[in-house]
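**Q** the following block contains a protein sequence and its predicted model.
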Amino acid sequence: MMQHKTVQAMLAMAAALLLAGCAATPPEHFYSLSNGMGVPAPAAAPAGYYIELPAVAVPQQVARYQMVVSTEAGRIDLLEHERWSAMPASEIGQALSLAITGELGTVDVFRTPTTDGAPVYRISTNVQRFESAPGRYALIDAVWSVRLVGSTKVLTCRSVANEQVSGGYDALVAGHRRAVTRIAADISKAVRGLAAGSAPAC
């Protein structure tokens, strides 16, 4: 009888420890770069052209849902409970598309047929660095190109956006949004220049 009570007590204790462990598990947080992007700029008339933004390339080490952050000591941490709502390549691509179309007053027609014969400018983006340092900076280093579909002329440029951020992951994500906005502004300027018939420089 005593042994039976001992087993019951041990089982009860194990169940309590299990419940305590579950209660102590931190919640997962999900973040998006596209929130707040794509507010159209005032325009006197439609742009008269479209853009096409194919999939963005990102470094392999950050191509995951978990946030990858760097510490001042140079250590790289993978955060299981701080996650992107989509893969970083998709997050950056959607945010760039929204910011550029909002800036230019046009539409991203990637994988969408057009029938009005309007020019389409294809934007290719290769992110060289996507660095997250909470309390310090959010950095995006991207090589991008713009080409009128059907033309062989290509403008290739590089944009490096390094935004200082305060502590916390909300501030870090906001810093990356600002970085995306800066890169989108560079790309929009190039598209606008090409559409106007000029030869924009980086």
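**A** Perfect, I can see it now.
**Q** going forward, measure contacts and count neighbours with C-alpha atoms only.
**A** Will do.
**Q** now do stretch 187-194: distance to the chain's middle.
**A** Averaging C-alpha positions (Cα atoms, centre = their mean, to the nearest Å) puts stretch 187-194 21 Å from its chain's average.
**Q** revised request: answer the last question for stretch 106-116.
**A** With Cα atoms, centre = their mean as the basis, the distance from the averaged C-alpha position of stretch 106-116 to the chain average is 22 Å.
**Q** next one: stretch 140-151
**A** Put simply, stretch 140-151 sits 18 Å off its chain's centre (Cα atoms, centre = their mean).
**Q** same question, stretch 53-64
**A** Going by Cα atoms, centre = their mean, the spacing between the C-alpha centre of stretch 53-64 and its chain's C-alpha centre is 9 Å.
**Q** and what of stretch 153-161?
**A** Using Cα atoms, centre = their mean, the mean C-alpha position of stretch 153-161 is found 18 Å from that of the whole chain.
**Q** list the buried residues of that stretch.
**A** Buried residues in stretch 153-161, defined by neighbour count with 16 or more other Cα atoms under 10 Å: Leu155, Thr156, Cys157, Arg158, Ser159, Val160, Ala161.
**Q** which other residues reach the one helix or strand the first one maps to?
**A** To tie it back to what came earlier, the one meant is Leu155. For Leu155, the element it lies in under DSSP states H and E is strand 154-164. Among residues not part of strand 154-164, those counted as contacts by Cα atoms under 8 Å, 6 or more residues apart in numbering are 135-148, 175-176, 178-180, 182-183, 186, 201-202.
**Q** make CSV out of the buried residues of stretch 153-161 and add distance to Thr101.
**A** Converted to CSV, the buried residues of stretch 153-161 look like this (distance: Cα to Cα, whole Å):
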residue, distance to Thr101
Leu155, 19
Thr156, 19
Cys157, 19
Arg158, 20
Ser159, 18
Val160, 20
Ala161, 19
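**Q** which SS class is Ile123?
**A** At Ile123 the chain is in strand, as set by DSSP: H, G, I helix; E, B strand; the rest coil.
**Q** same check, this time on His176
**A** helix.
**Q** just give the closest residue to it, not the sequence neighbours.
**A** Leaving aside its chain neighbours, His176 sits nearest to Ala138 (5.4 Å; criterion: Cα to Cα, 6 or more residues apart in numbering).
**Q** residues contacting that neighbour?
**A** Under the contact definition (Cα under 8 Å, 6+ apart), the residues listed for Ala138 are Phe130, Glu131, Ser132, Asn162, Glu163, Gln164, Val165, Leu172, Val173, Gly175, His176, Ala179.
**Q** count of residues packed around Gly36?
**A** Summarising burial for Gly36: neighbours were counted as other Cα atoms under 10 Å, giving 11.
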